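Peer 1: A predicted structure for the sequence below; I have some questions about it.
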Amino acid sequence: QEQKGERKMTIEEKFTGFSYQDTQKYQQEAVEKYGQEVMDQALERQKGREEEATRAFNQVFQVLAKNLQAGLPVTASENQEEAAKLLDAIRTYGFDCSIEVFGHIGKGYVYNPEFKENIDKFGAGTAQYTSDVIAHYVAHQPK
């Protein structure tokens, strides 16, 4: 209907973002990078909360995509709040993520082609924008 011009879809409708199934293919990579113990901890935290976890992450990416479209600078307080929400989601549904590791995750959103492609489904440039928002957030946290 969207393609035929019969209906205008929201960003949320066009791209629901990551599904729980998408994360399955990243698990082995995560085990190799962070270790089986961290992966087990993340899976235990998500158990029974997969949809809730997916919503939490997608919500951040949706807001950041809108902020990018609106021309907000990465340094805007609204974006820094989203970075804090993303870190909280990682800590809630994933693992006890340090600020330093969060910075590496942010870089991975651009350098990992699959992550970049999935995040850019929210809107072209969202992966780079998210990475830059995270980099600014990390740089301004107490060490």
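Peer 2: Good, I have the coordinates.
Peer 1: what's the burial count for residue 56?
Peer 2: 17 (other CB atoms under 10 Å). In this view, the C-beta of every residue, glycine as well, is placed from N, C-alpha and C.
Peer 1: quick one: contacts for it?
Peer 2: 85, 89, 92, 93 (CB atoms under 8 Å, 6 or more residues apart in numbering).
Peer 1: go with 10 Å
Peer 2: Residues near residue 56 by CB atoms under 10 Å, 6 or more residues apart in numbering: 49, 85, 86, 88, 89, 90, 92, 93.
Peer 1: redo those residues as a markdown table? Include distance to residue 132.
Peer 2: Formatted as a markdown table, these follow (distance: CB to CB, whole Å):
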| residue | distance to residue 132 |
| --- | --- |
| 49 | 29 |
| 85 | 16 |
| 86 | 13 |
| 88 | 19 |
| 89 | 19 |
| 90 | 18 |
| 92 | 23 |
| 93 | 23 |
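Peer 1: all strands of this structure, in order?
Peer 2: Counting by DSSP state E, the chain forms no strands at all.
Peer 1: where does it have low pLDDT?
Peer 2: Across the chain, the ranges flagged by pLDDT under 70 are 1-36, 38-43, 45, 143.
Peer 1: looking at it, which helix is longest?
Peer 2: Secondary structure of the chain read by DSSP state H shows that its longest helix is helix 50-69.
Peer 1: buried sites along that helix?
Peer 2: Within helix 50-69, the residues that count as buried by 16 or more other CB atoms under 10 Å are 53-54, 56-68.
Peer 1: fine, thanks again, bye for now.
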